[in-house]
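*Asks:* I need the structure of the sequence given here:
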Amino acid sequence: MKFIYEERKLKLINEEKGEEIGYISFTKKEDLLIIISTVVDEKYRGQGFASKLIKEILEYAKNNNLKVKPLCSFVVHYLEKHSEYKDILA
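*Replies:* Residues are numbered from 1 along each chain as shown. A predicted model of the protein is given here:
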């Protein structure tokens, strides 16, 4: 597995198969990271890949001193269960 950051997307790639497992779409405004949606390919659902994507983007925000505003309901739900990220919420 490999994470690839693009301008408005974080992708998770299955390197063995050369396939995109899923992605998180986001936008940045100054020191704010707005998470728009989380998408995982149907054949990879239910295997924890959405959580891996979310953890990666939250760690990125934390390491880059960004605040996070989640618009994606899955990310909101994840954050309710992971209080270690409450300090980066906008």
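
*Asks:* where does the chain dip in pLDDT?
*Replies:* Filtered on pLDDT under 70, the chain yields no residues whatsoever.

*Asks:* just after the strand ranked longest in it, pick out the following helix or strand.
*Replies:* Determined from DSSP state E, the single longest strand within the chain is strand 19-29. Per DSSP states H and E, the first helix or strand lying C-terminal to strand 19-29 is strand 32-40.

*Asks:* so which elements touch that next one?
*Replies:* In terms of contacts (3 or more CB pairs under 8 Å, 6 or more residues apart in numbering; DSSP states H and E), strand 32-40 is packed against strand 19-29, helix 49-63, strand 67-70, helix 73-81. Where C-beta positions appear, they are placed from N, C-alpha and C, glycine not excepted.

*Asks:* wait, what's in contact with the closest residue to residue 65 other than its chain neighbours?
*Replies:* Sequence neighbours aside, residue 31 is the residue nearest to residue 65 in space, at 6.6 Å (criterion: CB to CB, 6 or more residues apart in numbering). Taking CB atoms under 8 Å, 6 or more residues apart in numbering, we find residue 31 in contact with 65-67.
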